[in-house]
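Enquirer: How does the following fold in three dimensions:
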Amino acid sequence: MRHLLFVSLLLVCGLVRAAELPETDWLELMPKSDQKALEAMPEIDHNSPEGQGTFDSKGGLKQSKGLPAVMYSTKTVASMNDKIIRLGGYPVPLETDAKGHSTLFFLVPYPGACIHVPPPPPNQLVLVRYPKGLKISDIYTPLWVIGTLKVEKVNNDLADAAYALDASKVRVVVEADL
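Expert: Presented below is the predicted three-dimensional model:
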């Protein structure tokens with residue numbers, strides 16, 4: 001009987017560990033008014049003046065002037081502050097440790113954001129702090145990031161973000177996740 005209880009406890013612990021938080025959708029980070037404005041926005045042609053983001057003197061890509069206001073939005077969703085979430089996205093490395101592991105990076109909703117123009121609005125960029133670090137060999141590799149989300153304005157030479165996340169776990173998305 002004692003053995004059966006121990007095995008049951010191990011199975012339950014394993015299931016709890018295997019089950020992750022439900023995925024947070026990127027749109028949950030935008031107020032409804034921004035979602036509507038984004039949906040109503042005309043498609044941006046990357047060859048148009050609106051699509052020609054401006055590189056600043058330090059080499060970062062910033063939003064060019066003249067885009068619809070939603071593309072500069074730092075409006076956040078207050079109920080997301082201090083919430084533990086699981087967010088999927090793509091890394092834009094900012095800092096690495098001595099082993100070459102990324103400890104600070106932006107998480108963006110689609111591959112190549114901040115490289116292609118225009119970059120996502122600040123409320124669709126999340127600064128991730130991950131002291132353990134993760135080896136990022138390809139910015140097109142999707143990640144799951146779990147941690148506590150903070151409403152926090154971040155100004156960086158590369159981009160601006162309206163949120164920061166103190167990550168407790170970061171891992172590469174694998175085929176079994178899909």
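Enquirer: Please report phi then psi for residue 74.
Expert: With angles defined as degrees, to the nearest 10, residue 74 sits at phi -110, psi 10.
Enquirer: isn't it right next to residue 159, touching?
Expert: No: using CB atoms under 8 Å, residue 74 is not in contact with residue 159, being 11.8 Å away. C-betas here are computed from N, CA, C, even on glycine.
Enquirer: So for this protein, the centremost residue is which one?
Expert: residue 107 (2.9 Å; CA atoms, centre = their mean).
Enquirer: any idea how far it lies from residue 69?
Expert: Distance, residue 107 to residue 69, by CB to CB, to the nearest Å: 23 Å.
Enquirer: Please apply the same query to residue 165.
Expert: Applying CB to CB to residue 165 and residue 69 gives a distance of 25 Å.
Enquirer: Burial check on residue 23, number of neighbours?
Expert: For residue 23, the neighbour count with other CB atoms under 10 Å is 13.
Enquirer: try residue 109
Expert: 17.
Enquirer: Could I get the contacting residues of the closest residue to it other than its chain neighbours?
Expert: Leaving aside its sequence neighbours, residue 109 sits nearest to residue 26 (CB to CB, 6 or more residues apart in numbering; 4.3 Å). Contacts for residue 26 (CB atoms under 8 Å, 6 or more residues apart in numbering) come out as 87, 89, 109, 124.
Enquirer: now do residue 82
Expert: Taking CB under 8 Å, 6+ apart as the criterion, residue 82 is in contact with 148, 149, 150.
Enquirer: change it to 10 Å
Expert: Applying CB atoms under 10 Å, 6 or more residues apart in numbering to residue 82 gives the contacts 148, 149, 150, 151.
Enquirer: Buried by neighbour count, from those: which ones?
Expert: Neighbour-count burial (16 or more other CB atoms under 10 Å) is assigned, among the contacts of residue 82, to 149, 150, 151.
Enquirer: From the chain's centroid, how far away is the host helix or strand of the first one?
Expert: Following DSSP states H and E, the helix or strand that holds residue 149 is strand 143-155. How far strand 143-155 lies from its chain's middle: 7 Å, per CA atoms, centre = their mean, to the nearest Å.
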